[in-house]
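# for reference, the sequence and a predicted model appear below.
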Amino acid sequence: RFLVFKKEKLMQSKLFEKISLIGVISIFLTMCAPPQASPDELAAIERAKRDSVKQVRCPRLMSTAAEFYKNRDWESTVRVYGELTDIGCDEDDPSEVYLYYAIAFEYLGKYDSSEFVILKGLSYLPDNIALRKRLAFSYEKQGKVDMQMNELDRLSVLAPEDVKIKTDLAKLYQSQNLFDDQIAVLRDLLEIDPNNEGAQSDLAQAYEKSGRDPLDVYRNRFENNPSNISYGLDYADKLSSADRFRDAVNVLREVADLDPSSKVVLRKLSQAYDSADRLDDSAKTLEKLFRLDPRDFRIAVKISEVYLEDENYKSSFDWADKAVTLSGEGEAYAAKGNLYYKAFQACRSGEPTTNDRIIASLAFRQFDEAEKRNFTRYARSKTWLRDNEVLFERAQWFMMEDDVKNKGYVKTSGNCYSWVSERLNKDKSW
């Protein structure tokens, strides 16, 4: 029994030694095994691998993309830029990568792809003006008007001194009949560039289309550009349209001082005087115009008409007679006939006198000469004279004194017709 007990003890001792040995080995192995990497450490390892690839491939791809772009090989340019962005080569210079990437798509006519690329670029550089300009352009090409307006509006804030951005936005508002918005943008533009003539013109038109009074716009435009005759004429036209003829006269006189030889200015000034009921000034202005072109009989006719309206019959006759002498045209004869007709109507009272009949007949004969030259504007006046038996005819000639008959003509007398120098010759039928 003692031997058995001793043997068991020996076996237990050996088992303990084995267990202890196993424990020591386990502890050793555990101490020698590498620790498990953290997520941050794994990410760093991945970045290192990627950076090593980028260091090799990115310069090559960037050079290749630039070469394709230079050679206008847009398909290849797009393909290479796609590879660039896939491996992260865009991270170092996203502004250049996404700008040229988008432009390549534009040349391919793929504006939706250009938009997609730009939006990705803007996720890195949200305030990049060059990219946002390309985005506005892609929206324009795709007909996305609202998005284009929003983008241009954003650009206007990002680049407040950029005149072109504001000009494009204003024109877009105009095309959509958003005149109040257009006015606001143009006002901002003119704060930056007060002498921008295009913006001044557009602002004036926007005021008109929006139903606002554009006079201040036209006034500011002319006052800011006082040597611009066209602006002065525009301002005067608007003043005349608003029945502010005296103000129009003042503006046109300034413009006439700038260019005294301008026929357009003198015509408009004469009309403004006429509308302001300053008929003598109107006629005198036309006389200046006639001196610039003394062969234009129609100016003489117009002068005669203005003097006639002012009841200055003597001056009216002189200019009508000059028109006949210059041209022999039916219009000139008609102007002279109308002068006699209006004088007859103004001077007669009750039953026509001999003087009235002489003037009526002078008018009739001038109208007749005009009709022979195919000018029939006053045909109704001629008919009225004949039908109302106011002409000097055979019966009146028969009653004349012998000394008058021997002369073969009659002339008017009296204050109302004192300006008349022309005589009425005896008709062959008398």
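It's in.

# mind listing the strands for the stretch 1-150 of the chain?
Using DSSP state E, counting those that start in this stretch, the stretch 1-150 of the chain contains no strands.

# spit out the contact partners of the nearest residue to residue 404 once chain neighbours are set aside.
Closest residue to residue 404 apart from its sequence neighbours, by C-beta to C-beta, 6 or more residues apart in numbering: residue 410 at 6.1 Å. No exception for glycine: its C-beta is placed from N, CA and C like everyone else's. Listed by C-beta atoms under 8 Å, 6 or more residues apart in numbering, the contact partners of residue 410 are 354, 358, 392, 397, 400, 404, 423, 424, 426.

# when you compare pLDDT across those, which one is lowest?
Checking pLDDT across the contacts of residue 410, the minimum falls on residue 404 at 86.

# tally up the residues packed near that one, please.
14 (other C-beta atoms under 10 Å).

# now residue 304: which helix or strand?
helix 297-309 (DSSP states H and E).

# pull the residues that contact that helix.
For helix 297-309, using C-beta under 8 Å, 6+ apart, the contacting residues are 270, 274, 279, 282-283, 286-287, 289-290, 293, 313, 315-320, 322-323, 326-327, 329, 331-332, 335-336, 338-339, 342.

# try stretch 199-216
167, 170-171, 174, 177, 179-180, 182-183, 186-187, 189-190, 193, 217-218, 220-221, 224-225, 231, 234-235, 238-239, 242.

# in helices, which of those residues appear?
167, 170-171, 174, 179-180, 182-183, 186-187, 189-190, 217-218, 220-221, 224, 231, 234-235, 238-239 (DSSP state H).

# spatially central residue (nearest the centroid) of this protein, please.
The centroid of the chain falls nearest to residue 202 when counting by C-alpha atoms, centre = their mean (4.3 Å).

# looking at this, it is in a helix?
Yes - counting by DSSP: H, G, I helix; E, B strand; the rest coil, residue 202 is part of a helix.

# give me the pLDDT for it.
In this model, residue 202 is scored at 92, pLDDT.

# can you give me the buried ones in the host helix or strand of residue 205?
Secondary-structure assignment from DSSP H and E places residue 205 in helix 197-209. For helix 197-209, a neighbour-count test (16 or more other C-beta atoms under 10 Å) marks 199, 200, 201, 202, 203, 204, 205, 206, 207 as buried.

# between helix 179-192 and it, find me the angle.
Helix 197-209 runs at 150 degrees relative to helix 179-192, counting by axes from the mean of the first three to the mean of the last three C-alpha atoms, to 10 degrees.

# how much space separates residue 392 from residue 118?
Note on residue 392: its distance to residue 118, by C-beta to C-beta, to the nearest Å, is 91 Å.

# between the two, which one's more packed in?
When residue 392 and residue 118 are compared for neighbours, residue 118 comes out ahead with 26 against 23, by other C-beta under 10 Å.

# pretty sure that one contacts residue 130?
No - look at residue 118 against residue 130 with C-beta atoms under 8 Å: they stay out of range, at 9.8 Å.

# tell me, how many neighbours does the residue nearest to residue 106 when sequence neighbours are not counted end up with?
Of all residues beyond its chain neighbours, the one nearest residue 106 is residue 114 (5.1 Å), with distances taken as C-beta to C-beta, 6+ apart. Residue 114: 26 surrounding residues under other C-beta under 10 Å.

# I'd say residue 114 and residue 107 touch.
No - using C-beta under 8 Å, residue 114 is not in contact with residue 107, being 9.4 Å away.
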